[in-house]
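[1] sequence plus the predicted model coming up.
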Amino acid sequence: MNITKSFTQLENFGHSHSAPAYFIKVNIPEEIAEVFAHAQKTGLKITARGAGRSYNDAALSGGGIVLDMRGMNAITRWDKSTGLITAQPGVTLEQVWQKVEPDGWWPPVVSGTMRTTLGGCLSANIHGKNNFKMGTIGEHVVEFTATLPTGAEVTCSPQKNADLFYSLISGLGMLGIFTSITLQMKRIHSGLVTVDALPVHNLHEHISALLDGAPHNDYIVGWMDTLNGGKNLGRGQIHAARYLHEGEDPDPQKTMKLENQVLPPYIFGLFPKSILYMFMRPFANNLGWWGVNTAKYIASLRTHTFRQPHAAFHFLLDYVPNWELSYGRGGLIQYQSFIPKETAESAWSEMLKLSFKSRLPSYLGVTKRHRPDKFLLTHAVDGFSLAMDFKVTDRNRVRLSAMLQEFDKIVLQAGGRFYFAKNSETTADTTLAFYGKETVAKFMKLKKRCDPHGLLESDLSKRIFG
Ligand SMILES: Cc1cc2nc3c(=O)[nH]c(=O)nc-3n(C[C@H](O)[C@H](O)[C@H](O)COP(=O)(O)OP(=O)(O)OC[C@H]3O[C@@H](n4cnc5c(N)ncnc54)[C@H](O)[C@@H]3O)c2cc1C
């Protein structure tokens, strides 16, 4: 196997990390086994990469082999009577919903972008705006197959090889490579959801609205103005959405058609959205984003209810392609903390105040309501999450890193958890403290069993497991 020609520089989604690697496309499981054999001979480490949509170093491996999984992108089975779909790991959520929605189904859990692959989604065990109700994507996996670094092919479900099922899902790609995934879709009776939009004026109201609104809705998500403090700290807008019941939509066949779902490529009918990020660049600074957040808050003061296509509701972040490039050369870092409901208000208050004091405000804040799950490397809690986007520059990189370490201390003290599809700074000590010795020992035991020569390793795994 000659891999030298494939040496290339890879980046994370936020363009704030980059690392050179042998980037090798695989199309069939046998090729994965071949790369494992090659790595064992050469001592190179391997990381799988789906769509590279992780905000951090999860899909990077400096000096190692990065497996490009996008070639394994076939939907191999779709049963519209049961809602069961089987697909290869490089299939994106976009492919999945476009396949199932015209037949009256929708993926039970989706990320804020539809560009992620199923392999990446299982490895991070993603959550959606309905985490409090539907749990993580792993809870809807009926079965998967994976190739282990030993060369073994395993099939796992909650009943079969359950220990591997609950650890490969959430396992950050460190135990094996998914090769086929079967998921249960959710029945829908319309291509639309009903959305309530309401303003919240401070942090206490924000958290109460998430807590009280969740039981009455299928989805709930908050936007937080993270640039205004004082009595306005934590203000923003809540979007709570519900599926339509059977019979509520007079023409479900029409609303579920793809042409009623796809996001338009033009703004105002003629301006291509693909270059919009360039016009956003001059505003990507503290003052510009303060203006954007303030204007958005004022515009959101009206409480109202409307109907929206599923794709438009879920994939707001796909509206402006390449929006992450508007952050400029240094890119962005996202920090998402998961805090129990009892301590969230004080922990977030402390974090937001620290960001103002450090003059490193977050430009975008998104909140969600969560519930715990039983996957080994779980990130969820009975509480809330707040995701914050920070612009990275040559001048602020060191200060930003130091501030995020302080955030980590606040999260730990509040009994919170970290999400390794996002956070870029969390250290091995912090990881040990939040997973606990027992969980880390269990994971390491499985690692030895699945990957005795330690072939699977990413920049993320080196950082958080030491
Ligand atoms: C705009 C945006 C919005 C997002 N919104 C959400 C959200 O709402 N909820 C949420 O939970 N996350 C969200 N994310 C994070 C995203 O869902 C995760 O980072 C996801 O893992 C990305 O999938 P990917 O295919 O790009 O995987 P990559 O980033 O390429 O890889 C992620 C991990 O999966 C592993 N991996 C990839 N393929 C395989 C495979 N076949 N077998 C084994 N391991 C594999 C990699 O090694 C790596 O550890 C968002 C990201 C973006 C950019």
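    Yep, that arrived.

[2] now do stretch 291-304: distance to the chain's middle.
    On the basis of Cα atoms, centre = their mean, to the nearest Å, stretch 291-304 sits 26 Å off its chain's mean C-alpha point.

[3] restricting to C-alpha, output that stretch in PDB.
    As requested, C-alpha coordinates have been extracted for stretch 291-304 and formatted as PDB (Å, rounded to 0.1, in the frame of the first residue of the first chain):
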ATOM      1  CA  GLY A 291     -25.100  45.100  17.000                       C
ATOM      2  CA  VAL A 292     -26.400  41.800  15.400                       C
ATOM      3  CA  ASN A 293     -27.400  40.300  18.800                       C
ATOM      4  CA  THR A 294     -29.100  43.500  19.900                       C
ATOM      5  CA  ALA A 295     -31.000  43.800  16.600                       C
ATOM      6  CA  LYS A 296     -32.000  40.100  16.800                       C
ATOM      7  CA  TYR A 297     -33.200  40.500  20.300                       C
ATOM      8  CA  ILE A 298     -35.400  43.500  19.400                       C
ATOM      9  CA  ALA A 299     -36.800  41.600  16.400                       C
ATOM     10  CA  SER A 300     -37.600  38.700  18.700                       C
ATOM     11  CA  LEU A 301     -39.700  40.600  21.200                       C
ATOM     12  CA  ARG A 302     -43.000  39.600  19.600                       C
ATOM     13  CA  THR A 303     -44.400  36.300  20.700                       C
ATOM     14  CA  HIS A 304     -45.800  34.500  17.700                       C
END
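
[4] quick check: mean pLDDT across stretch 289-309?
    For stretch 289-309, mean pLDDT rounds to 93.

[5] ditto for stretch 48-64
    Along stretch 48-64, the predicted local confidence has a mean pLDDT of 97.

[6] what of stretch 192-208?
    Averaged over stretch 192-208, pLDDT sits at 98.

[7] what about that stretch, start to end distance?
    As for stretch 192-208, its first-to-last residue distance stands at 27 Å under the measure Cα to Cα, to the nearest Å.

[8] in the stretch 351-466 of the chain, which residue sits nearest the ligand?
    Proximity to the ligand, evaluated over the stretch 351-466 of the chain using Cβ to the nearest ligand atom, is greatest for Ala421 at 3.3 Å. Backbone N, C-alpha and C define where each C-beta goes, glycine included.

[9] that residue: what's it in contact with?
    54-56, 58, 124, 126 (Cβ atoms under 8 Å, 6 or more residues apart in numbering).

[10] try 6 Å this time
    Contact analysis of Ala421 by Cβ atoms under 6 Å, 6 or more residues apart in numbering lists 54, 124.

[11] so what does it have for phi and psi?
    phi -90, psi -10 (degrees, to the nearest 10).

[12] tell me the helices and strands packed up against the biggest helix by length in the chain.
    Under DSSP state H, the helix in the chain containing the largest number of residues is helix 397-413. Counting contacts by 3 or more Cβ pairs under 6 Å, 6 or more residues apart in numbering; DSSP states H and E, helix 397-413 packs against helix 344-357.

[13] what mean pLDDT does the helix it packs on have?
    Per-region confidence: helix 344-357 scores 98 on mean pLDDT.

[14] run through the residues of the stretch 151-300 of the chain sitting next to the ligand.
    In this structure, the stretch 151-300 of the chain approaches the ligand at residues 172-173, 177-178, judged by Cβ under 6 Å from any ligand atom.

[15] apply 8 Å and report the result again.
    The stretch 151-300 of the chain has residues 168, 171-174, 176-179 near the ligand, with proximity defined as Cβ under 8 Å from any ligand atom.

[16] show me what residue of the stretch 51-200 of the chain gets nearest to the ligand.
    Using Cβ to the nearest ligand atom, Gly120 is the residue of the stretch 51-200 of the chain that sits closest to the ligand, at 2.1 Å.

[17] need the contact list for that residue.
    Listed by Cβ under 6 Å, 6+ apart, the contact set of Gly120 reads Gly50.

[18] tell me the SS of Ile275?
    Three-state call for Ile275 (DSSP: H, G, I helix; E, B strand; the rest coil): helix.

[19] the helix or strand following the longest helix of the chain and the ligand, any residue contact?
    Heading C-terminal from helix 397-413, the first helix or strand you meet, by DSSP states H and E, is strand 417-418. No. Using Cβ under 8 Å from any ligand atom as the criterion, no contacts between strand 417-418 and the ligand are found, and the smallest distance is 12.5 Å.

[20] surely Ala51 touches Arg115?
    Yes. With contact defined as Cβ atoms under 6 Å, Ala51 and Arg115 form a contacting pair (5.1 Å).

[21] those two: which is more packed in?
    With neighbours defined as other Cβ atoms under 10 Å, Ala51 and Arg115 compare such that Ala51 has more, 21 against 18.

[22] can you tell me the helix or strand for the more buried one?
    Secondary structure assigned from DSSP H and E places Ala51 in neither a helix nor a strand.

[23] please report the distance of it from Tyr22.
    For Ala51, the distance to Tyr22 equals 19 Å [Cβ to Cβ, to the nearest Å].

[24] Thr427 too?
    Counting by Cβ to Cβ - Thr427 and Tyr22 are separated by 27 Å.

[25] compare the two (neighbour count), which wins?
    For Thr427 and Tyr22, the more surrounded residue by other Cβ under 10 Å is Tyr22, and the numbers stand at 22 against 13.

[26] now do the contacts for the more buried one.
    The contact partners of Tyr22, by Cβ under 6 Å, 6+ apart, come to 3, 6-7, 65.
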